[in-house]
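# Make a model of this:
(one chain, ligands or ions: 1)
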Amino acid sequence: MSPKMPDQDQDFVADHLSANQPGSGVGRLGLAPADKPVLRLAGVERRYVQGERTLDVLRGAELEIRAGEIVALIAPSGAGKSTLLQLAGLLERPDGGEVFLSGRAAGKLDDAERTAIRRLEIGFVYQFHHLLPEFTALENVMLPQMIRGLDGKTASERAKELLSYMKLGERVGHRPSELSGGEQQRVAIARAVANAPRLLLADEPTGNLDPKTAHYVFDALSALVRASGLAALIATHNMDLAERMDRRITLEEGKVVEM
Ligand SMILES: Nc1ncnc2c1ncn2[C@@H]1O[C@H](COP(=O)(O)OP(=O)(O)OP(=O)(O)O)[C@@H](O)[C@H]1O
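Now for the predicted structure:
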């Protein structure tokens with residue numbers, strides 16, 4: 001069964017996910033014109049130096065992802081997928097080139113500035129959910145919003161909306177250990193978009209799930225991306241899921257190649 005929502009619900013979620021919440025003191029940093037790609041990598045280089053040896057992982061990677069697009073990143077182990085996601089997510093700085101978020105050069109900003117942008121603009125989903133075990137599903141989705149400065153009531157309402165959108169309305173009071181793997185991952189997705197980011201980065205988000213559950217979780221993720229106008233870059237080895245995304249890219253000799 002697909003978690004597809006009725007149109008009015010999708011609109012409702014879209015309004016809430018893209019809301020800039022004026023006056024709440026938690027407005028975005030660096031809002032950029034809507035015609036800019038959400039993510040742009042321009043000539044991005046990344047190398048690791050270990051003793052005498054230098055490993056050039058990214059050698060001038062170029063990539064653009066626009067709002068509403070879901071892009072699959074498929075490449076052999078060691079090709080540089082995680083490196084690319086870390087750079088796109090401003091967790092690392094490129095050695096050359098630049099990472100633009102909504103048109104703003106962000107890759108080479110200092111740690112504090114990159115962290116501030118990351119908190120507002122980027123959501124992450126990993127292979128393992130990394131939910132806090134002592135907190136309920138609801139609290140896990142509330143937490144990033146409260147760290148951002150939202151009051152408990154607003155955070156709770158939004159968390160409930162997101163969890164019910166992920167078909168977890170009956171599970172909000174459960175702790176991660178009381179949820180199935182697919183449910184845990186859907187909570188992790190709700191948490192990743194809790195602060196209405198523009199970009200969702202996912203590293204094997206269904207890698208730990210059986211094929212049927214993987215499709216169900218992907219359905220939920222893609223419905224959310226479409227409804228909210230997020231841009232998503234999803235590293236996966238699952239070719240069935242990759243086929244269902246808008247574009248597929250790979251890494252060859254440190255460059256991004258469309259498949
Ligand atoms: N911090 C680091 N220091 C040195 N080498 C690194 C570091 N991080 C990654 N590498 C190397 O860079 C290359 C790319 O690694 P990366 O983790 O980006 O690949 P990947 O495509 O994500 O692989 P996998 O699918 O196995 O996760 C690998 O050869 C890896 O050993």
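
# any idea how far Arg46 is from the most far-flung residue of the chain relative to its centre?
Distance to the chain centre peaks in the chain at Glu52, reaching 35.5 Å (criterion: C-alpha atoms, centre = their mean). As judged by C-beta to C-beta, to the nearest Å, Glu52 and Arg46 stand 19 Å apart. (Glycine included, C-beta is placed from N, CA and C.)

# So which residues on this structure come close to the ligand?
Applying C-beta under 6 Å from any ligand atom, one finds that the chain approaches the ligand through 48, 50, 55, 57, 75, 77-83.

# try it again with 5 Å
Listed as neighbours of the ligand in the chain under the rule C-beta under 5 Å from any ligand atom: 48, 57, 77-83.

# Could I have the buried ones of those residues as ChimeraX selection syntax?
Typed into ChimeraX, the line below selects the buried ones among these, using 16 or more other C-beta atoms under 10 Å:
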select :57,79,80,81,82,83
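
# mind putting the residues of the chain next to the ligand in CSV, distance to Arg119, pLDDT and secondary structure included?
Converted to CSV, those look like this (distance: C-beta to C-beta, whole Å; pLDDT from 0 to 100; DSSP: H, G, I helix; E, B strand; the rest coil):
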residue, distance to Arg119, pLDDT, secondary structure
Tyr48, 27, 96, strand
Val57, 26, 97, strand
Ser77, 30, 92, coil
Gly78, 30, 92, coil
Ala79, 29, 95, coil
Gly80, 25, 95, coil
Lys81, 23, 96, helix
Ser82, 21, 94, helix
Thr83, 22, 96, helix
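
# Beta-bridge partners for the residue in the stretch 101-250 of the chain positioned nearest to the ligand, please?
Nearest to the ligand, among the residues of the stretch 101-250 of the chain, is Ala235, at 6.9 Å (C-beta to the nearest ligand atom). Beta-bridge partners recorded for Ala235 (DSSP bridges): Leu73, Asp203.

# Would you quantify the distance from it to Ala137?
25 Å.

# and what of Asp246?
The gap separating Asp246 from Ala137 is 29 Å, by C-beta to C-beta.

# Counting neighbours, go ahead and name the busier of these two.
Neighbours per residue (other C-beta atoms under 10 Å) separate Asp246 from Ala137, with Ala137 holding more: 28 against 14.

# Thought Leu163 was touching that one, still the case?
Yes - under the criterion of C-beta atoms under 8 Å, Ala137 makes contact with Leu163 at 6.0 Å.

# joint contacts of the two?
171-172, 187, 190 (C-beta atoms under 8 Å, 6 or more residues apart in numbering).

# any chance of those in a markdown table, with distance to Leu224 and neighbour count too?
Formatted as a markdown table, these follow (distance: C-beta to C-beta, whole Å; neighbours: other C-beta atoms under 10 Å):
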| residue | distance to Leu224 | neighbour count |
| --- | --- | --- |
| Arg171 | 17 | 19 |
| Val172 | 17 | 18 |
| Val187 | 13 | 27 |
| Ala190 | 8 | 27 |
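
# Narrow the residues you listed to those in helices?
187, 190 (DSSP state H).

# which residues of the protein fall in strands?
Along the chain, the segments classed as strands by DSSP state E run 39-50, 53-65, 70-73, 96-101, 104-105, 122-125, 199-203, 231-235, 247-252, 255-258.

# No more questions from me, cheers.
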